[in-house]
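K.L.:
Just need the structure, nothing else, for what follows:
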Amino acid sequence: MMDNVSVYVDGGCKGNPGPGGWAYLIFSGDERRKDSGGVIETTNNRMELMAAIKALGAVASEVNWAGRSVYVYSDSQYVCKGMSEWMMTWERNNWRMKDGNPVKNKDLWFELQKISYALNTVRWKWIQGHGKNRPNGICDQMVQKEIKNLFSLAR
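P.N.:
As a prediction, the model looks like this:
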């Protein structure tokens with residue numbers, strides 16, 4: 001029996017917009033992966049999306065994980081609801097929200113959609129962040145480290 005792939009993602013920034021970071025942890029059986037990165041000028045939502053994109057990209061590139069169900073855990077309602085509820089409506093409305101305005105971060109939503117659809121099964125699970133979930137807490141620490149590094153580079 002194949003193990004599922006559990007993916008924990010987080011993103012954030014100091015100021016909104018401001019310097020931001022993204023991070024992920026991936027678990028499947030005994031296998032573990034992690035990564036993080038940052039951007040000098042960004043928003044919280046863009047970093048949340050980037051964390052999911054980078055994580056699913058890592059899952060897709062791992063041959064041993066092909067065909068496995070993927071569970072993505074995020075403290076971002078924006079990402080979870082975007083992928084599990086809002087995406088189909090946005091597509092039907094030509095990437096416009098209910099108020100007629102264009103969907104923000106469309107470039108990243110397209111990228112996340114493409115990589116998500118290429119995987120076998122991806123399920124999006126909202127979790128409470130900020131210390132309530134250990135893997136999410138580790139991702140948050142990685143994000144904060146990326147932001148701190150960006151601040152030190154800017155000086």
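
K.L.:
Quick check, Ser36 in contact with Met142.
P.N.:
Yes - at 4.2 Å, Ser36 counts as touching Met142 under the criterion of Cβ atoms under 8 Å. Glycine gets a C-beta too; all of them are placed from N, C-alpha and C.

K.L.:
and for the two, which residues touch both?
P.N.:
Gly21, Ala23 (Cβ atoms under 8 Å, 6 or more residues apart in numbering).

K.L.:
quick one: stretch 19-36 to chain centroid distance?
P.N.:
Stretch 19-36 has its C-alpha centroid displaced from the chain centroid by 10 Å (Cα atoms, centre = their mean, to the nearest Å).

K.L.:
Which positions in that stretch come out as buried?
P.N.:
Neighbour-count burial for stretch 19-36, with 16 or more other Cβ atoms under 10 Å as criterion, is recorded at 19-28, 33-34, 36.

K.L.:
Mind checking what secondary structure the closest residue to Val39 other than its chain neighbours has?
P.N.:
Sequence neighbours aside, Gly20 is the residue nearest to Val39 in space, at 5.3 Å (criterion: Cβ to Cβ, 6 or more residues apart in numbering). Assigned by DSSP: H, G, I helix; E, B strand; the rest coil, the conformation of Gly20 is strand.

K.L.:
contacting residues for Gly20?
P.N.:
11-14, 38-39, 42-44, 46-47, 143, 146-147, 150.

K.L.:
if we go to 6 Å?
P.N.:
Contacts for Gly20 were tallied using Cβ atoms under 6 Å, 6 or more residues apart in numbering; they are Cys13, Val39, Thr42, Met47.

K.L.:
Give me the distance between it and Gly12.
P.N.:
Distance check for Gly20 against Gly12: by Cβ to Cβ, to the nearest Å, it reads 6 Å.

K.L.:
re earlier: would you format the buried residues of stretch 19-36 as JSON lines with pLDDT and distance to Asn101 included?
P.N.:
Below are these laid out as JSON lines (pLDDT from 0 to 100; distance: Cβ to Cβ, whole Å):
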{"residue": "Pro19", "pLDDT": "95", "distance to Asn101": "27"}
{"residue": "Gly20", "pLDDT": "96", "distance to Asn101": "23"}
{"residue": "Gly21", "pLDDT": "98", "distance to Asn101": "28"}
{"residue": "Trp22", "pLDDT": "98", "distance to Asn101": "25"}
{"residue": "Ala23", "pLDDT": "98", "distance to Asn101": "30"}
{"residue": "Tyr24", "pLDDT": "98", "distance to Asn101": "30"}
{"residue": "Leu25", "pLDDT": "98", "distance to Asn101": "34"}
{"residue": "Ile26", "pLDDT": "97", "distance to Asn101": "34"}
{"residue": "Phe27", "pLDDT": "95", "distance to Asn101": "38"}
{"residue": "Ser28", "pLDDT": "94", "distance to Asn101": "39"}
{"residue": "Arg33", "pLDDT": "96", "distance to Asn101": "37"}
{"residue": "Lys34", "pLDDT": "98", "distance to Asn101": "36"}
{"residue": "Ser36", "pLDDT": "98", "distance to Asn101": "31"}
